[in-house]
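Asker: Quick one: sequence and predicted model below, then my questions.
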Amino acid sequence: MAGHLFLSAATFLTLLPVLLVVRKAFTPGHAFAADLGLHVRDLTLVHFRQVLSAPHVGRQALNSLAVAAATTVIGVFLACTAAYAFARFRFPGRRAGLTAFLVVQMFPATLLTIPIYVILDHLHLLNRLSGLVLVYATTAIPFCVWMLKGYFETIPRDLEDAARIDGASRLGVFVRIVLPLSRPALAVTALFSFMTAWNEFILAETFLSREDAYTLPVVLAQYVGQRTTEWGHFAAGALLTALPVMVLFYALQKHLVAGLTAGGVKG
Amino acid sequence: MKLCYAVGALAIVLAATLGFLRQRNQDAETRALTQARALAADVAARRPHPELAFAAVVGEPPASKYPFLRKRRWLLHPEAARVGRAVDDKDAHDLVAQAQRAGEVARFADDGTLTLALRAGGATAIVRLRPPGGKQPLPWGWLLLAIGLGGALAAAGRGRALAGAAGLALCAAICATMVAGPGSARLLVGLAALPGLALCWAHARGALAGLGRHGFAYAYVTPAGLGLLVLVLVPFAVGCVLGFFDHARGRYTFVGFGNFREILGSAEFYATLAVTIAWTAVNVLLHVAIGLALALALREPWVRLRGLFRVLLILPWAVPNYITALLWKGMFHQQYGAINTILSACGLARVSWFSGFVPAFAANVVTNTWLGFPFMMVVCLGALQSIPREVYEAAAVDGAGSVARFFRITLPLLRPALVPAVIIGSIWTFNQFNIIYLVSEGKPGGSTDILITEAYRWAFERGERYGLAAAYGLIIFLVLFAFCMLATRKRRAAEVT
C-alpha cells in the first residue's frame, strides 16, 4: 500500500507540469496557475490559432523539418558505413577510432560552441541552415556508430560469406544483405538523429539571428523571453513541437537505453 | 613513442592555426590600409563618406598676402563634423605633419582603429576608421593539409627513432614557418623540412601498403572520420588556440597565458567552479537516489500496473529539455507560477525564486532533477533485472534483513551498471547548459551560473571575448578529463580487487 502511494505520488509529481501545460494550451489567458480544474466552456483553440498564424511560422517549421531531415540522412549514411567497418573488419587504428567516437560522445556540443561559431563565421555559414546541419550531424554520429556497430555484430557472418561465394561484391554484400537486414537498427538511428536535430536549442539560438531562419525551439523560447511571457502561446507551441518527438521517443526508448549504457560499460 | 607523435601532430595543428590567425590579422590590416587609402583620396576630393568616424582635410593655405598668418587650416569633413570628433587631436596633428613630409602615414591603434594620413595634391587628407571585422575565411585546405601531415607522421614512424626525429624537425619547420611569416623564412624552413619529408615518405610507404590491405575498411570509416575531424577535432584545436588570443573587433591578439591568468586570478571563477561542482553533486545524487528508489519500488512483486507506472515515469525524458526548462521557469514565476499558487493556497508566503542564490539554485536543481531521474531509473531497472531472485532468497534464509540485503546484495551488484551511468550523468550535468541558461538565467547577478554558461556569456553577451570564452572551454575540458581519468582508474581498481 505504502509502495503504491509512493509510486502514485512520484507519478503525480512527474505528470503535474505536463498536465499544466496541456491545460494551459487549451484555456484562454497567459497566467500559468496550478489549477487542474477544467471547465468545458473554457476550452479554446485560440492559442493554437494565434501560434499558427504568427508571421514566418510556416517557414520556421519547414526550417526545423529540413534541418532534422538533412541531419538524419547525413548522420545515418556516415554512421552506417563507419559502424560496418568497425563491426566487420580488423584494421590498424580500429580501437583508437572506436575510443575517439566514444570520447567525443561524452563532450557535448555546447563546449565546442565558441570555436564552431568562430569557424562558421569565417565560412559565412552563420544564419544558414547548412551550418546547423553539419554541427548536428556530427553530434549525432558517435551515438549512431556505437548503436549500429552493436547491431551489425549480431548479423551472422555466414550470410555475407555465402553472398560473396555467389559472386556478390563487397559493396554488394553491404548494400543488398547487411543494410536490409538491419532495417530496425537503421530506423532507430534515423529517429535518434531526427530527435537530436529537432530538439536542439542553444546552437540554433546562437547561430541564427534572422527571424525567417529560426528553427522551432528558438521561436518557442521567444514566447517566454526577456520581455514577453506568453505562456498560452508557449504551451500551444510546445505541444505542437514536442508531441511528435515524444511519440518517437516512446517508440525508441528501449534501444536508447541499450545504446547509451553499452557505450558506457564497454568504455 | 606514440605519445610523442600525438604531441607532434597536435603541435602541427596548433602551430598551423596560430599561423593562420596571424596571417588573417595581417590580411585584415592590408585590406584596411587599401580601404583607408581609397577613402583618404575621396576625402581629399571632398566626397562625403558616412562610415568615417573622423576625417579632415588639411590644406596648405594658398599663397597669402599675409605670410605671418600662414598656418594649418583644418577643413573638416562634413560627415565627420556631425560625428563631432575633436579635430585638435594631437595624434592627428603629428600624423599630418609626418604625411606632409613622407606622403603617407598609417597607424594602427591597440583597439583596432586605423588612422591614415595621405598627401594628395596640395592638401593632406586624414581619415580614421575601424578595420572591418575579420570576415575572410580561414584557408581550410592548408589547415587540413597540416592535420593530414600530422596524422601521416603519427602513422608512419611508429616505433622508429629516426622517423621520430624527422617528424619533430618537420613539426618545428612548420611551426617556424607559420610564426615567422612569409618571405625568405618560408623558403629556408621548407628546405629544412625536405629531409624530414623524405624520411617520412619512406616510412609512409610501409603504412600505405597496410592501407591497401585494409583499403575497404578505411574507405568505410573515412566519411564519418572526416566529419568528426572537421567538426569536432578542428573546432577543438581552434578552441585550444583561441584560448591564447584576445579578440576585439575582429582582430585577434596573442596574449599567451593572459586569458588563463585572468580567469584563474579572479575570485568569481572559484565561486562559479564551486557552484558547478555543488550543482553536479546535488543533481547526480538526487537522480540516483530517486531513480533507484523508484526502480526498487517498481520491481516489488506486489506492484500492479507496473507497465503504466514505468511509461508515465519516464515521461520527463521524452520532453525536449529546452521545453522542460522553459516550462519550469513558468512554474517558478513569482506572480503566475504554479509553485507559488500552491504555496499561497497552503497559506505560505510566495517565494521570489530568482532574487536569492539559494531559491534560484533550488529552482534549477528541481528542474534538472525532474528532467534527469528517469535515465537513472531505467538504468537501475535494467541492472536489477539481472540480479537473480535466488540470491535474495538465500540471503533471507541466512537471516539477512531488508536493509542488509539492500547494502550487501543490491548495491554491490548494481555497481557495474551504476558507475558508468553516474560518470555519464555527471558529465551531462556539469555541462547542463539549457537549464541554467533558461530557468534561472544566472540570476541573481550571475551567481547561479555554472562554468559553461559563464563561458557562453563571455563570448556572446559580454563583448565577444571569444579568446576568454575558449580558455574557459579548455578549463572545463581539463576538469572533465581529470574527472574521467580518476573515475575510470577507480573503476579499474575496483574491478581488480
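Answerer: Arrived safely, thanks for sending. It should be emphasised that the depicted structure is a prediction, and the values quoted were computed from it without experimental measurement.

Asker: Below-threshold pLDDT in chain A: ranges please.
Answerer: A:1, A:31-40, A:105-111, A:226-228, A:256-267 (pLDDT under 70).

Asker: Same check on the stretch 351-497 of chain B?
Answerer: B:491-497.

Asker: Mind telling me which residue of it is nearest chain A?
Answerer: B:P420 (3.3 Å; CB to the nearest CB). Backbone N, C-alpha and C define where each C-beta goes, glycine included.

Asker: Could you check which helix or strand contains that residue?
Answerer: helix B:411-430 (DSSP states H and E).

Asker: Show residues contacting the helix or strand following that helix.
Answerer: Using DSSP H and E, the next helix or strand after helix B:411-430 towards the C-terminus is helix B:433-435. The contact list for helix B:433-435 (CB atoms under 8 Å, 6 or more residues apart in numbering or on different chains) reads A:108, A:110, A:201-202, B:321-322, B:324-325, B:364, B:367-368, B:371, B:452-453, B:456.

Asker: List the residues that contact B:A455.
Answerer: A:114, B:469, B:472-473, B:476.

Asker: Find the residue closest to B:Y392 in space, skipping its chain neighbours.
Answerer: In this structure, B:Y392 finds its nearest non-sequential neighbour in B:R405, 6.0 Å apart by CB to CB, 6 or more residues apart in numbering or on different chains.

Asker: quick check, the one you found in a strand?
Answerer: No. The assignment for B:R405, made by DSSP: H, G, I helix; E, B strand; the rest coil, is helix rather than a strand.

Asker: neighbours around it, how many?
Answerer: Using other CB atoms under 10 Å in any protein chain shown, B:R405 is surrounded by 15 other residues.

Asker: picking up where we left off before, what's the local residue count around the residue of the stretch 351-497 of chain B closest to chain A?
Answerer: 21.

Asker: Give me the three-state assignment for B:A117.
Answerer: B:A117 - assigned by three-state DSSP - is strand.

Asker: Correct me if wrong: it contacts B:D94.
Answerer: No. In this structure B:A117 lies outside contact range of B:D94 using CB atoms under 8 Å: 9.1 Å.

Asker: Between those two, which is the more surrounded one?
Answerer: Legend: neighbour count by other CB under 10 Å for B:A117 and B:D94, higher for B:A117 (29 against 14).

Asker: Distance-wise, check A:V21 relative to chain B.
Answerer: 6 Å (CB to the nearest CB, to the nearest Å).

Asker: and if you look at A:L125?
Answerer: 10 Å.

Asker: Need the nearest residue in space to that residue, chain neighbours excluded.
Answerer: A:G131 (3.5 Å).

Asker: list the contacts for that neighbour?
Answerer: A:120, A:123, A:125, A:207.

Asker: ok, now A:D42?
Answerer: Contacts of A:D42 (CB under 8 Å, 6+ apart): A:26-28.

Asker: nearest to A:V57, of the residues you listed?
Answerer: Nearest to A:V57 among these, counting by CB to CB, is A:F26 at 19.2 Å.

Asker: Give me the spatial nearest neighbour of that closest one, chain neighbours excluded.
Answerer: Nearest one to A:F26, counting by CB to CB, 6+ apart, is A:L43 at 5.3 Å.

Asker: before we move on, what about B:G256?
Answerer: Of all residues not flanking B:G256 in the chain, B:F244 sits nearest, at 6.2 Å (CB to CB, 6+ apart).

Asker: Can you check the pLDDT for that neighbour?
Answerer: Looking at B:F244, its pLDDT is 85.

Asker: Quickly note the distance from it to B:L327.
Answerer: To B:L327, B:F244 is 41 Å away according to CB to CB, to the nearest Å.

Asker: and what of A:T139?
Answerer: In terms of CB to CB, A:T139 sits 24 Å off from B:L327.

Asker: do the same with A:G93
Answerer: Taking CB to CB, one finds A:G93 at 45 Å from B:L327.

Asker: Tell me which of these two has more neighbours.
Answerer: More neighbours surround B:L327 than the other of A:G93 and B:L327, with 27 against 17 (other CB under 10 Å).

Asker: could you pull out the helices for the stretch 1-150 of chain A?
Answerer: For the stretch 1-150 of chain A, applying DSSP state H, counting those that start in this stretch gives helices covering A:2-26, A:46-52, A:57-88, A:94-106, A:109-122, A:129-152.

Asker: end-to-end on stretch A:209-218?
Answerer: 10 Å (CA to CA, to the nearest Å).

Asker: do that stretch and chain B meet?
Answerer: Yes. Contact of stretch A:209-218 with chain B (CB under 8 Å from any CB of the partner chain) involves A:P217.

Asker: For that stretch, buried residues please.
Answerer: Neighbour counts using 16 or more other CB atoms under 10 Å in any protein chain shown place A:213-218 of stretch A:209-218 among the buried residues.

Asker: what's the answer for stretch A:175-192, then?
Answerer: A:177-178, A:181-182, A:185-186, A:188-192.

Asker: pLDDT weak spots in the stretch 201-350 of chain B?
Answerer: Looking at the stretch 201-350 of chain B by pLDDT under 70, you get B:201-212, B:250.

Asker: which stretches of it form helices?
Answerer: B:215-228, B:234-242, B:258-264, B:267-299, B:306-313, B:315-318, B:321-331, B:338-345.

Asker: helices and strands around the helix holding B:P420, which ones?
Answerer: Helices and strands touching helix B:411-430, by 3 or more CB pairs under 8 Å, 6 or more residues apart in numbering or on different chains; DSSP states H and E, are helix A:231-266, helix B:267-299, helix B:357-385, helix B:466-496.

Asker: Could you check it and say which residues are buried?
Answerer: So, applying 16+ other CB under 10 Å, buried residues of helix B:411-430: B:413-414, B:417-430.

Asker: Let me know the closest of the contacts of A:G131 to chain B.
Answerer: A:L123 (5.6 Å).

Asker: So among the contacts of A:G131, which ones count as buried?
Answerer: A:120, A:125, A:207.

Asker: Wait, the last one touches A:Y117, no?
Answerer: Yes. A:F207 lies in contact with A:Y117 (CB under 8 Å); the separation is 6.8 Å.

Asker: May I ask you to confirm that the residue nearest to A:F26 is in contact with A:A25?
Answerer: No. Shown here, A:L43 and A:A25 do not form a contact pair, counting by CB under 8 Å, at 10.3 Å.

Asker: separation between A:T99 and A:V18?
Answerer: 39 Å.

Asker: With neighbour numbers in mind, choose between those two.
Answerer: Legend: neighbour count by other CB under 10 Å for A:T99 and A:V18, higher for A:V18 (21 against 12).

Asker: Tell me, how many residues neighbour residue 102?
Answerer: Just so you know, I chose chain A. Residues near A:L102, counting by other CB under 10 Å: 17.

Asker: my bad, chain B
Answerer: That count, for B:A102 with other CB under 10 Å as the rule, works out to 10.
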